[in-house]
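Participant: no sequence for this one, just the structure:
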């Protein structure tokens, strides 16, 4: 569409303008196939927002956590971690963000399962007495 073409043109213009300001020692990073000139860099950067949200959920009461949401975040984090090591070029930014997404989600799953097991044990104890 017209909007996509214009956005792409503006982005290329910004990158071309920034090229002359990138120091020589940063050129390998800047020109990397998964570097800042590509979506392969920016998508994982924005995905760090999921990690920040997961870390902020550590202070949330466990009864307010979502088992389906934590499960899907853990699964996608694990799947994309593996995928990021298979694709060429290897995208270490994508790998690291997905390891952290999976890690925070797995910890939340641990909290949820521990809470539910403890809650069912208390209920079983109360019904047996």
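Facilitator: Arrived safely, thanks for sending. Note that the coordinates shown come from a computational prediction; the quantities given were computed from them, not determined experimentally.
Participant: okay, CA-based contacts and neighbour counts for the rest of this
Facilitator: OK.
Participant: just list the residues touching residue 15, thanks.
Facilitator: residue 37 (Cα atoms under 8 Å, 6 or more residues apart in numbering).
Participant: next, work out how far apart it and residue 8 are.
Facilitator: Going from residue 15 to residue 8 by Cα to Cα, to the nearest Å gives 11 Å.
Participant: same check, this time on residue 54
Facilitator: Residue 54 is 32 Å from residue 8, by Cα to Cα.
Participant: in terms of neighbours, single out the busier of these two.
Facilitator: Set side by side, residue 54 and residue 8 show more neighbours around residue 54, with 22 against 12, by other Cα atoms under 10 Å.
Participant: which residue comes closest to the more buried one once chain neighbours are left out?
Facilitator: residue 104 (5.8 Å; Cα to Cα, 6 or more residues apart in numbering).
Participant: what about the longest helix along the chain, distance to the chain center?
Facilitator: Identified as the longest helix of the chain according to DSSP state H is helix 92-128. Taking the mean of its C-alpha atoms, helix 92-128 sits 18 Å from the chain's own mean (Cα atoms, centre = their mean, to the nearest Å).
Participant: and it, what does it pack against?
Facilitator: helix 39-56, helix 67-86 (3 or more Cα pairs under 8 Å, 6 or more residues apart in numbering; DSSP states H and E).
Participant: for the longest one, packing partners?
Facilitator: Under the contact criterion of 3+ Cα pairs under 8 Å, 6+ apart, helix 67-86 touches helix 92-128.
Participant: check what pLDDT the closest residue to residue 97 other than its chain neighbours gets.
Facilitator: The shortest distance from residue 97 to any non-neighbouring residue, by Cα to Cα, 6+ apart, is to residue 48 (6.0 Å). Looking at residue 48, its pLDDT is 95.
Participant: and the longest helix of the chain with helix 67-86, angle?
Facilitator: 150 degrees (axes from the mean of the first three to the mean of the last three Cα atoms, to 10 degrees).
Participant: mean confidence score for helix 92-128?
Facilitator: So the average pLDDT for helix 92-128 ends up being 90.
Participant: brilliant, that's me finished.
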